[in-house]
Structures are given as C-alpha cells and as structure tokens.
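Visitor: Quick one: sequence and predicted model below, then my questions.
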Amino acid sequence: MTEINHRYAGLSIGFGTVPIWLGAPRREQMGKDASKRISRRKFLSAATRAVPLSMTLHHALAVSATSHEPVPAAVGADSSSMTTVRVDSTAGHATNSFSPHRALGSSIDILPYGSVDKLYTEPVIKKCLSAGWGPISYRQNTELQIAAWHWNPKGTWSDPAHKSGYFRGNSEPAEFLRHSYGYPLPHRGHTRNGGAERGYSRMTDGEADTYWKSNPYLTSQFTGEDDSLHPQWVVVDLGAVEEVNAIRIDWANPYARSYEVQYWTGEDPMGKPALGAWNAFTRGIVKDAQGGAITLKLSPSPVAARFLRVWMTESSNTPDTHGLDDPRNSAGYAIHELYAGSFDSNGGFVDLVQHSPDQNQTVTYCSSIDPWHSESDLNIHAGDQTGFDLFFTSGVTNNLPAMIPVAMLYGTPEDAAAEVAYLKKRGYPVSYVEMGEEPDGQYCQPEDYAALYLQFATAIHRLVPEAKLGGPVFEGVNEDIKVWPDAQGRTSWMGRFIDYLKSHGRISDLAFVSFEHYPFEPCRVTWSDLYKEPELVRHILQVWKDDGVPEGVPMLITESNLSWGADQSFVDMFGALWLAEYVGAFLTAGGSGLYHFHFFPRPLSGGCHGAGTFAMFTADENFQIKQETSQYFASRLINLEWVKPGDEVHHTYKTSCDLRDAAGHEQVAVYAVERPDQEWSLMLVNRDQLNSHTVRVVFDDSSAGRQGFFSGPVNVVTFGSEQYVWHADGPNGHPHPDGPPVTSMVPGGAEAAFVLPKASVSILRARMRYA
C-alpha cells in the first residue's frame, strides 16, 4: 500500500466485488501530553469540572446574503495595511498528494444502548453525509471497556457445554447483523486505565474465588519465543509513599515459578515510565516457586515506595479453574489477591492494600488479560457496537471502502480472521483493518502488542490474503510514547514495535500506521492553541518517522477532534477554526488521511465553561438532530469547497503570510491545494478574534522566476463569527446566528484583494495564471 512519486501507484481489489484503490499518499502524528494520556471514550462517561475557557468570542450581527455576482473584495481597503499571501507553486515543490475520498473521513463509535434504531434512519444519515466527509472508520470500543467483543452473536465457544472460554464468531453469513456487544472479562487485572474507569481489578477485590490471569497468547506456545522475552507483570499503586518491606501473594494457577518483586524510584511509572527505574528488593528475587499463598520479607528494613511491581518470567503451566482440556487454561500467570506493607514489631503483617470490588480498591495495573469469558458476562447496557450488516448497508459508508477494526488485546486470532472473512463473503468493500485499540492506554508493552499483531496477521491473511492491516491505534499524543526501558535502554513504544516487526521479517505486515489526535487538554483550551495546531501535527509525523516507520507506509489519524473532553470550545467558532487548521496542516505536512470524530449527532454534555459535543450536530434525548454546530459548517467548507469532492488526486503546497501580532503569532494561516480541475484553492484561517485583515495572493514559481495570480472570478466562501455565535444554555445551548457561510465572486488579477473577517475560515478558489 505505497504511493510512488506522489501518485496513486496501484489498483487492488477490495474484500467485496468493488474494485478499490488501496494506495495512499506516502508519508507519514498527534496530540496530548504523553504524561496525561487518556482515551476520548473514557471522557464520555466521566463527570467534568466547570472551568472558564480563556477565550472570548465577540457577538456580531449576522451576515446572511449570498451573492454570485462579481463584487470587490475590499472596497476602500487601505493598501498600506494589505498583507501578501504567497504560495510556492513551483513544479515539483508539492508537499503531499491525496484523494479526498481516501484522505478525508469520519468515524462511528459505540452507540448508547437503545439508540441504534433512532440513529440509523434515512433522514439522520442523509444529514450527516451532507457534511461532505468521504470514508468512514468503525471504532472499536469494547477493548477500552476491558471486554471481549462478539462482532457476531452467533458463533462457537471453546467450552460449548458451559458456554464459556474463547469465542469465535461465525464467518458464514446468515442472520443480518444489526447489533453487537461486549463481554467484560472476569479475569481483569486493571482497576482502571486509559480507557476504563468502571469495573475493578480481581487482585484487590477481596474475593477469594476471583483472580487475574495474563493473556495465554503471550506465552511460548503461541509466540514461539521464550517466555522471558514477554515477561508479564502487575503493578500496585499504594496511593502514597509508604514504608514497605513485605508482600503477600495469593497465587492462583498457573503461578509464577520465577519472579521479582520491585519498587519504583522516580515519577509516576505509568504516566512517565522513562523518568525512573524499577529496583528489585534485596530479597525480592524468587526462583523455583511453588505457588500458593506466600508472604515475603523483601528487605531487612522498610523501603519508601508507592509503586510495587511483580515481574514474572517463568510459569508453572498448571491449569486454572477452567480445566485441562484447553491448553490456554494452563498458559500464563494468575493471582488471586495481592497484599503489601510491612511487618510490625511483633512480626505481624501490616497490609496497606484496600480490598474492595469497586473503584475504591487499591489500584492495580497489569501487562495483559486472558480473554476467557462466558455467556453470562454479556453487558448490553455498556453500549452497542453497530452490527456489520447494518453498518455496510445503511448508507453511512458513503458507498466507499470502510476502515474496520478487529479486537486484538482481548480477542483471539481465529475470531479476528473469521470477522474479516465474513466481510469478504458479504462482498463489503474494506480499505483497512485496524488491529486492536489504544494499546498504549492499556499499558501494553510494544513487544507484547507486536507478538499478538503477528499472530493475528497470520490468521487473517490465511483467509484474506489481500487484507491491509495496521496499527497501533495510539491514543492522542503530541510526543513520542515512552515505555519502561528494555535491556538496550530503548524507551520508544513505536520504535520498539517497528524493531520487533523488522527483526521477525514481518514489517510488510504493517500496511499503515494509525493513531488518534486529541491535541488539547480539557479545561485548558485557549484561543492561542490555534497557533500550536500546525506544529503539533507536523511534529508527531516526524516523531513516527524518526522511530523507524518505513518510507511509504501511510500515516492515518483514524479518530480526531480538538480534545478528549467535549466542552463549549467544540461548538463555538473556535471549533470550526481548529478543524480547518488541523486538516490543512496535517495534509500539507504529509499525512495520508484523517477521520473526524463523530459522524452521528450527540446531545450536548456538560464540560468545562459550558456544554459541548463531539458531533457536528446537537441532538435531543431521542438523538434527533436539532441544529448544526460550527464544525459542521467547517466540514462543508473543507470537503465541498476547498477540495473537489471525489477520488482524484490533489496536491498541497507550502504557503507564507507575514502578518503577526505583537507576540509574534501568525494571524492568518493558509493552506493551498492544486485541484484536479486545474483550480487552485486556498483555505485561510483568520485567527484574529477582533480584526479583519485584507490580503492579496501571489503564486511564486522560483524555478522560472515568475509570479502568478488568480485569473477570472474568484469563488470566495467565508464562515466566521459574523455568521455563527454560540449561546450557552446548558443542555439547551444553541447557535444564533447559525450560518450559512457567505458566498461571493470576486474579480481576480494582480490587484485583487480579499477581506478575511475576524475569527473566520475563508476559501478562495479559481484558476491561476502566471504574469
């Protein structure tokens, strides 16, 4: 799936009967402080604090007239205050190439229980498609809930007598798939992580019969590697620094025969894993262990520590409570309960761990979780993952190949392969297959993710050789993702993942790299974040390249919005300006494609400084559309005005504009594309909240030493604070005026001047001619 010389290089056949291009513009992500990683889905179920946003949108009178007659763009403009926008139009200087129907998409996540029939209706889908986004990405949410996904409710259990074990959905099409749900895993080891903050760990729940168990697919019988190369671990967070020199581990089966008990020195080992080190207690190294409940005195005197880790490298391979029949039951490690503390003066064990089957327990984290579950674990109220038949036949895919996921962290290779085979048998066109979901937020180590990736890739390609697989589907980050150093001192998650694939001769199984983009922290969004967005996307693309992602592997942002916590900034004019900045900057920097979140309407939800929504529309309690938000209008400008809708190649070029404020910020951002209809299209974002600015446009051909200008009438479309003002009113918040954009035709030529209203996005589009 590579693109040569900025052109689409080859034709592939999709999983269905429709021939589709699977090539993508070559190149190479995304937002959020790595030390504060969090899933956007986690936010959706969380309460938020009310903090004022540091930005002011000044209300203005509505401008509603739409004209198609040539009019002056800047009658009476002061030429001395005019700013020149320059486009480097030199042949061969294009920074990227893309096709809108491959590069500009939207996404659908898990939906609230009972909402599918309300959302999948012709009027709602038609309105959502009117935003102009092309392909769709199906988001996989059950892994964020630490649940197994039954993409097909009909299938086979590994233990059919008890309807439990490892489930494989039927690959043969039969009943129409309208719904699918998750099954929370009973051997969970996380109290919470980047995606889940409901449920609890089985290691500190106080229940004698429950236990955590690691993923059997990370053992030698599945990886083909020694278990010491995929050590499994659990971490206990005592909540504060305590004096510790004792641990009690109530082992289940299979237990660890070789393990170390360690303490952390440094900052938070989960949020800042490269800023510290794990140290073995002087008596914390255990060999030839026999399991059972064991209490260890870890050191002669207590050590000040908050975080403890049990690092396991050799298993007993004894069967768990599910029996001998399935070898997976004997693979990995299992712990009933953990206790940590010290011995008092009388030799009594003082336990510092809170044991409770809820979020009040002492927090634990784990390396992996056994995807074993049973029919009784079903939780339909956690949300509805749209059934694939409904998804592909309802119209939401826009008749384009869709990106689909497979559950990997909490699934099996056979089930994933059956899913992809099912879609092929149905004849549904699929562009890409994402492997798993947000492994960084699940604290999965890169070598473990890579080992699973290769097992799943082998199974999928055995049934569907043409499937284009990729990942790792990172949470939104602005910097390289760090992990605990390995034996070589390497701390880059992406770098170690790429190295694993290369060392196993399987880098060709990585058809694309995917990640999310939620650049700004909720409650701290400011207007000046607009200035940061272009550099954020440029930087993260370079980070992944520096980590070793091969040249030619497409870089895709498969889920995105301005923050992982929705608030009023999403629906203010700020949200529209940010979206234009993000799309223009990412494609100009060489990104291969992006997917905006979210396709379907959502009701407003409480957030910092006011309610907001990830969606392009506000909705009532029945999920029916009430009004468009600012991002809807920005979406239409991007997809229907800036680019030529369809599957034709566009080229991006560098631009410059020297208008700056007193702090040195560029006041006008410019994103230029050469369209396949021979028109040049400029998307200009006036970041100035208070002032309009007048610009002229010059195209520079440095190789020929000549300048060009728009020729003939210039189509101008503007959407800004004069067309849209948000009025906060809790769940009843609404815009007034609420659009539409203003359209006009302006004479071109060297003297043409264009007024960019305050806080606005403008599209200038026409043919260009050199003087």
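Guide: The structure has been received and is ready for your questions. Note that the coordinates shown come from a computational prediction; the quantities given were computed from them, not determined experimentally. Residues are numbered from 1 along each chain as shown.
Visitor: Break down the stretch 101-250 of the chain into its helices, ranges please.
Guide: Applying DSSP state H, counting those that start in this stretch to the stretch 101-250 of the chain gives helices spanning 116-119, 122-129, 220-223.
Visitor: Same list (those) but as CSV, adding mean neighbour count.
Guide: (Each C-beta comes from the backbone N, C-alpha and C, glycine too.) Below are the helices of the stretch 101-250 of the chain laid out as CSV (neighbours: other C-beta atoms under 10 Å):
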stretch, mean neighbour count
helix 116-119, 18
helix 122-129, 16
helix 220-223, 16
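Visitor: part of a strand, is residue 745?
Guide: Yes: looking at residue 745 with DSSP: H, G, I helix; E, B strand; the rest coil, it is inside a strand.
Visitor: so what's residue 234 up against?
Guide: 189, 203, 212, 309-310, 335, 338, 364-367 (C-beta atoms under 8 Å, 6 or more residues apart in numbering).
Visitor: One more pass at 7 Å, please.
Guide: Residues near residue 234 by C-beta atoms under 7 Å, 6 or more residues apart in numbering: 189, 203, 212, 310, 335, 364-366.
Visitor: what would the helices of the stretch 101-250 of the chain look like in a markdown table with mean pLDDT?
Guide: Putting the helices of the stretch 101-250 of the chain into a markdown table (pLDDT from 0 to 100) gives the following:
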| stretch | mean pLDDT |
| --- | --- |
| helix 116-119 | 98 |
| helix 122-129 | 98 |
| helix 220-223 | 98 |
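Visitor: I'd like to know which of those is closest to residue 771.
Guide: helix 122-129 (41.7 Å; C-beta to C-beta).
Visitor: mind showing which ranges of the stretch 351-500 of the chain have poor pLDDT?
Guide: Of all residues in the stretch 351-500 of the chain, none has pLDDT under 70.
Visitor: what about the strands in it?
Guide: Under the criterion DSSP state E, counting those that start in this stretch, the stretch 351-500 of the chain contains strands at 363-366, 373-374, 385-386, 402-406, 430-435, 469-474.
Visitor: quick one: contacts of the second one?
Guide: For strand 373-374, contacts defined as C-beta under 7 Å, 6+ apart pick out 148, 162-164, 183, 185-186.
Visitor: returning to that earlier point: please convert the strands of the stretch 351-500 of the chain to CSV, extending it with mean neighbour count and distance to residue 227.
Guide: Output for these, formatted as CSV (neighbours: other C-beta atoms under 10 Å; distance: least, C-beta to C-beta, whole Å):
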stretch, mean neighbour count, distance to residue 227
strand 363-366, 24, 16
strand 373-374, 20, 24
strand 385-386, 25, 33
strand 402-406, 26, 25
strand 430-435, 26, 23
strand 469-474, 26, 23
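Visitor: Relative to residue 113, which of the ones you listed is closest?
Guide: strand 385-386 (11.0 Å).
Visitor: Which one, of the helices of the stretch 101-250 of the chain, ends up nearest to residue 412?
Guide: The nearest among the helices of the stretch 101-250 of the chain, by C-beta to C-beta, is helix 220-223 at 10.2 Å.
Visitor: Dump the closest one to CSV, restricted to CA.
Guide: Provided in CSV are the C-alpha atoms of helix 220-223 (Å, rounded to 0.1, in the frame of the first residue of the first chain):
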residue,chain,number,x,y,z
SER,A,220,5.9,-19.5,24.1
GLN,A,221,3.4,-22.0,22.6
PHE,A,222,1.9,-19.1,20.7
THR,A,223,4.7,-16.6,20.3
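Visitor: quick one, phi psi at residue 587?
Guide: Here is the backbone geometry of residue 587 (degrees, to the nearest 10): phi -70, psi -40.
Visitor: before we move on, the earlier item: got the helices of the stretch 101-250 of the chain as a markdown table, with distance to residue 102 columns?
Guide: Listed next are these as a markdown table, based on distance: least, C-beta to C-beta, whole Å:
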| stretch | distance to residue 102 |
| --- | --- |
| helix 116-119 | 25 |
| helix 122-129 | 17 |
| helix 220-223 | 35 |
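Visitor: Alright, calling it a day.
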